[in-house]
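> dropping the sequence and predicted coords here.
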Amino acid sequence: MLKRFLSRGLLIAASLLALPAFAAKPNVVILATGGTIAGAGADAAKSATYQAAKVPVDKLIAGIPTLADVAQVRGEQVFQIASESFTNEHLLTLGKRVSALAKQGDVDGIVVTHGTDTLEETAYFLNLVVHTEKPIVVVGSMRPGTAMSADGTLNLFNAVSVAASKDARGKGVLVTMNDELNSGRDVSKMVNVKTEAFKSPWGALGMVIEGRNYWFRLPAKRHTVNSEFDIDKIETLPQVDIAYSYGNVSDAAYRNFADKGAKAIIHAGTGNGSVSNRVVPALRHLRAQGVHIIRSSHVNAGGLVLRNAEQPDDQYDWLVAHDLNPQKARVLAAVALTRTQDSKELQRIFWEY
Ligand code: DAS
């Protein structure tokens, strides 16, 4: 009698646990670094006047009880800074923490909350160096949580929901802002005062709505588990700087960067990464000194800098950044230079990543 009662009880418990509501939720870790998503303003009308990097991660989590419906969530405060102050050391520290967590069997997905100013750089960096298929989702907000129609709550809910979802595995680092799913490689901050700030020149990967992902395209370039770069084997990142080009430009910035130890200089060129004839001699001299010159374009979206298009790259031994904007080209150049100084190898890397 007792045996029958116990076996029936176990059967009921097992079937209850099989119900979605009771099934064990995925484990998601939120690594907080600061930014507007952790910002606070004086009152609800202040959507642009506020202080970034004020609210701790546990308060962010406590502010969204619905997170518990999609995942078991815990937070770590890695930094508490505005992201314009990120350095290579911050990237390395964050990347190593993400990598360590991704190796843990009790972690199913990782969210990084981040300021929006350099979010695209960090997302690309993680996309290049963290070897995991688990979802890594970088998220920020354009308004502080204290403002009317703050976007951080839904952005963070979406990020956790994506990090908890199996269909986000193997797609590289993702960025969820404004209901969109973007690739960490492609996405860039295109507007600086709207919630619809982040765009990918080649289009979003999809959308996330009410905790469900809708995919319409997939990343085309190498990332995460298919990357030859591994954060666990990188201890420092070489100095790479960006020199902005414009009418009447001189070679002063390039020379100064090289004097200060830059191993490569990203030329944020006009148009197709064009180089003023006032600057060419200095760049050729710096190349001869061993500094790599990488032509990118500061054309806002969809810049596609190809070799020998308007500059004799083969003759000058210069590189081109392909479709990467200057700030992303800096990240890839720094990571690539941890493995090679060879021009042909470096150019291959810019075609493939
Ligand atoms: N200063 C900005 C930053 O921390 C605030 C933000 O937009 O997140 O990137």
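Perfect, I can see it now.
> which residue ranges form the helices in the stretch 101-250 of the chain?
Secondary structure of the stretch 101-250 of the chain (DSSP state H, counting those that start in this stretch): helices at 119-129, 152-163.
> out of those, which comes closest to the ligand?
helix 119-129 (6.8 Å; Cβ to the nearest ligand atom). In short, each C-beta sits where N, CA and C put it, glycine included.
> most tightly packed of the helices of the stretch 101-250 of the chain?
Across those, averaging neighbours per residue (mean count of other Cβ atoms under 10 Å) puts helix 119-129 on top, at a mean of 28.
> which helices and strands does that helix pack with?
If you count contacts as 3 or more Cβ pairs under 8 Å, 6 or more residues apart in numbering; DSSP states H and E, helix 119-129 packs onto helix 88-102, strand 136-139, strand 174-177, strand 188-189, helix 326-336.
> mean pLDDT for the ones you listed - can I get that in JSON lines?
Formatted as JSON lines, those follow (pLDDT from 0 to 100):
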{"stretch": "helix 88-102", "mean pLDDT": "98"}
{"stretch": "strand 136-139", "mean pLDDT": "98"}
{"stretch": "strand 174-177", "mean pLDDT": "97"}
{"stretch": "strand 188-189", "mean pLDDT": "96"}
{"stretch": "helix 326-336", "mean pLDDT": "98"}
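> using CSV, lay out the ones you listed together with distance to L346.
Formatted as CSV, the helices and strands packed on helix 119-129 follow (distance: least, Cβ to Cβ, whole Å):
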stretch, distance to L346
helix 88-102, 18
strand 136-139, 26
strand 174-177, 26
strand 188-189, 22
helix 326-336, 6
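> sorry, back to before: rebuild the helices of the stretch 101-250 of the chain as JSON lines, extending it with distance to the ligand.
JSON lines is the format used below for these (distance: least, Cβ to the nearest ligand atom, whole Å):
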{"stretch": "helix 119-129", "distance to the ligand": "7"}
{"stretch": "helix 152-163", "distance to the ligand": "9"}
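> of the helices and strands packed on helix 119-129, give the one that comes closest to P238.
Across those, P238 has its closest neighbour in helix 326-336 (5.7 Å, Cβ to Cβ).
> stretch 196-210: which residues count as buried?
Neighbour counts using 16 or more other Cβ atoms under 10 Å place 197-201, 204-208 of stretch 196-210 among the buried residues.
> next: stretch 293-300.
Buried residues in stretch 293-300, counted by 16+ other Cβ under 10 Å: 293-299.
> tell me how far it lies from the chain's centre.
Counting by Cα atoms, centre = their mean, to the nearest Å, stretch 293-300 is centred 19 Å from the centre of its parent chain.
> again, but for stretch 25-37
Distance, stretch centre to chain centre, for stretch 25-37: 14 Å (Cα atoms, centre = their mean).
> filter the buried residues of stretch 196-210 down to the ones in strands?
Among those, the members falling in strands (DSSP state E) are 198-199, 206-208.
> okay, the helices of the stretch 101-250 of the chain in JSON lines with mean pLDDT next?
Listed next are the helices of the stretch 101-250 of the chain as JSON lines, based on pLDDT from 0 to 100:
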{"stretch": "helix 119-129", "mean pLDDT": "98"}
{"stretch": "helix 152-163", "mean pLDDT": "98"}
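> count of neighbours near the nearest residue to L304 once chain neighbours are set aside?
Among residues not flanking L304 along the chain, D323 sits closest, at 5.1 Å (Cβ to Cβ, 6 or more residues apart in numbering). When neighbours are defined as other Cβ atoms under 10 Å, D323 has 21 of them.
> does D323 touch L306 like I think?
No. Counting by Cβ atoms under 8 Å, D323 does not reach L306; the two are 9.7 Å apart.
> can you pull the residues of the stretch 51-200 of the chain lying near the ligand?
Residues of the stretch 51-200 of the chain found near the ligand (Cβ under 6 Å from any ligand atom) are 52, 82-84, 115-117, 140.
> tell me which two in those residues are the farthest apart.
Greatest spatial distance among those (Cβ to Cβ): E84 and G140, at 12.2 Å.
> residue contacts, N226?
Listed by Cβ atoms under 8 Å, 6 or more residues apart in numbering, the contact set of N226 is empty.
> and the residue in the stretch 1-150 of the chain that the ligand sits nearest to, how many neighbours?
Here the residue of the stretch 1-150 of the chain nearest the ligand is G115; by Cβ to the nearest ligand atom that distance is 2.1 Å. For G115, the count of nearby residues is 25 (other Cβ under 10 Å).
> repeat for K233
Applying other Cβ under 10 Å, we find 9 residues neighbouring K233.
> re earlier: tell me which of the buried residues of stretch 293-300 fall in strands.
Filtering those for strands - DSSP E - leaves 293-297.
> and which of those is nearest G271?
Closest approach to G271 among these (Cβ to Cβ): S297, at 6.6 Å.
> quick check: the gap between the nearest residue to the closest one once chain neighbours are set aside and G290.
Among residues not flanking S297 along the chain, G303 sits closest, at 3.3 Å (Cβ to Cβ, 6+ apart). G303 sits 27 Å away from G290, going by Cβ to Cβ, to the nearest Å.
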